[in-house]
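*Asks:* can't give you the sequence, but here's the structure:
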C-alpha cells in the first residue's frame, strides 16, 4: 500500500536518482490534487443531502400568559397552556403547513414549554393521514 507520506519519505531519500525522485514527486502532487478534489466533492454532496428545502418558524398559539400577565407571578412560564384561540391558531398553522408541503416529509424542532408542545400537537392533526413520516424532535 502506497501512501503520500511513504512516497514522500522515499522521494526525499538519497537512494533515488533525480529522475525517479522527480517522477515520485509528480505522482504525489497528482494524488494530492485528486484527494482534495474528492473531499470537496463529497462534502458538497453531504451538505446538499442534509439541507432542508425550506424552514418554517412557527410561534406557539395564544397562551394563558398572553391573555393574563398576572399568571406569570403564580405559574411558571413553561407551564402556561394554550387558550381556545391558541388551539385554533395552531390548527390553522397545521392546515397552512399541510397545504404548503403536501406529502413531503416534515421535521419539527420544539421547545419543552407546554404551550409549544400543545401547539405541535394541534399542528400534527393536519398530518395524521400523511404517507410521509413526520418527526418531532425535542431540543438537546
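*Replies:* Sure thing, it's come through. All figures in this text were calculated on a predicted structure; none of them were measured in a lab. Numbers count the residues shown, from 1 in each chain.
*Asks:* Next, the contact list for residue 63, please.
*Replies:* Applying C-beta atoms under 8 Å, 6 or more residues apart in numbering, one finds that residue 63 lies in contact with 80-83, 86, 115. Using the backbone N, CA and C atoms, a C-beta is placed for each residue, glycine as well.
*Asks:* Around residue 93, count how many other residues there are.
*Replies:* 20 (other C-beta atoms under 10 Å).
*Asks:* nope, residue 80 is what I meant
*Replies:* The burial count assigned to residue 80 is 22, neighbours taken as other C-beta under 10 Å.
*Asks:* Residue 54 now?
*Replies:* Per other C-beta under 10 Å, the neighbour tally for residue 54 reads 8.
*Asks:* distance between the host helix or strand of residue 99 and the chain's centre?
*Replies:* The secondary structure element spanning residue 99 is helix 84-101 (assigned by DSSP states H and E). Averaging C-alpha coordinates over helix 84-101 and over its chain gives two centres that are 23 Å apart (C-alpha atoms, centre = their mean, to the nearest Å).
*Asks:* Pull out the buried residues from it.
*Replies:* Of the residues in helix 84-101, 86-87, 89-91, 93-94, 97-98, 101 count as buried by neighbour count, 16 or more other C-beta atoms under 10 Å.
*Asks:* What is the longest helix along the chain packed up against?
*Replies:* Of all the elements of type helix in the chain, the one with the most residues (DSSP state H) is helix 18-50. Helix 18-50 is packed against helix 4-12, with contacts defined by 3 or more C-beta pairs under 8 Å, 6 or more residues apart in numbering; DSSP states H and E.
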